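Participant: I would like to see how this sequence folds:
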Amino acid sequence: MPAYDPIADWYATQSRTGSLRRFHDNLARRLLGMAGDVCGRRVLDAGCGEGHVARLFARHGAKVVAVDISPRLLEHARALEDKDPHGIEFVARDLATGLPSHQGAFDLATANMMLDDCEDLAGVLRGIADALKPNGRLLLSLNNPYALVTRGKVDDYFASGPLTQTFGTDRAEYQVPFYYRTFEEWIAAFRQAGFLIRSLVDVPSDPSDPHLPDDPVPKIMVLDLVRHDA
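Facilitator: Here you go, the predicted model:
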């Protein structure tokens with residue numbers, strides 16, 4: 001069973017009207033701002049969840065294909081699309097196995113707070129890269145590994161691997177997957193998949209949002225990568 005299925009109903013509600021809404025709105029708009037004009041562009045939303053980023057990009061004219069491994073989260077995404085259509089195609093797929101029906105099809109891909117959840121990071125990045133056109137871009141948000149140390153989530157910065165804590169939810173009785181990686185490991189994974197970093201933006205704290213705590217090191221960073229075909 002995909003890890004988010006057991007909490008999908010709760011997660012969708014929190015993302016749309018609850019404690020996660022402000023956080024997701026903030027990051028989605030940062031990704032859109034980094035993307036620039038997306039009208040008419042083909043966009044892959046990788047790890048779309050209940051469809052938050054996909055809907056925002058589609059409302060601004062993008063032609064969006066949204067992919068997630070969780071059938072239950074996709075049910076929520078499709079139900080909202082049926083009520084308020086934006087032409088989004090939702091696909092149930094593990095991106096680590098690729099997206100054969102959309103090879104080289106996209107101008108841009110987004111991955112909002114999902115790469116931390118991927119055990120097979122290399123496979124997922126490769127799947128996204130293969131779906132992009134040459135020089136296509138990947139816009140993503142993820143936890144700052146340095147902040148995980150300062151916040152006490154990680155005892156040893158160099159001890160990368162799966163963590164047992166609950167990240168991103170207050171449902172402590174169910175723990176979603178989270179794979180901690182050093183910044184060096186992130187950069188190596190991006191390069192191995194054929195991506196180069198165009199820019200990196202630290203997301204500042206927000207006292208009104210409990211998911212963006214006022215810490216000495218920013219919790220979240222947003223990156224703009226480009227598929228580089230040597």
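
Participant: what about this protein, any weak spots by pLDDT?
Facilitator: Low-confidence segments of the chain (pLDDT under 70): 1, 164-174, 230.

Participant: can you name the element that comes right after the longest helix along it?
Facilitator: In the chain, assigned by DSSP state H, the helix with the most residues is helix 21-35. Per DSSP states H and E, the first helix or strand lying C-terminal to helix 21-35 is strand 42-46.

Participant: any idea which strand is longest in this structure?
Facilitator: Counting residues, the longest strand found in the chain (DSSP state E) is strand 132-143.

Participant: helices along this structure, start to end?
Facilitator: Ranges of helices in the chain, per DSSP H, are 8-17, 21-35, 52-59, 71-83, 121-131, 145-150, 183-192.

Participant: what's the fifth one in contact with?
Facilitator: Spelled out, it's helix 121-131. Residues outside helix 121-131 that contact it (C-beta atoms under 8 Å, 6 or more residues apart in numbering): 44, 46, 95-99, 102-106, 109, 111, 115, 118, 138, 179, 181, 189-190, 192-195, 227. For glycine as for every other residue, the C-beta is placed from the backbone atoms N, C-alpha and C.

Participant: flag every buried residue along it.
Facilitator: 121, 123, 124, 125, 126, 127, 128, 129, 130, 131 (16 or more other C-beta atoms under 10 Å).

Participant: kindly report the same for the second one.
Facilitator: Using 16+ other C-beta under 10 Å as the test for burial, helix 21-35 gives 23, 24, 26, 27, 28, 30, 31, 32, 34, 35.

Participant: just the shortest one next, same as before
Facilitator: Applying a neighbour-count criterion of 16+ other C-beta under 10 Å, one finds 145, 146, 147, 148, 149 buried in helix 145-150.

Participant: who are the packing partners of that helix?
Facilitator: helix 183-192 (3 or more C-beta pairs under 8 Å, 6 or more residues apart in numbering; DSSP states H and E).
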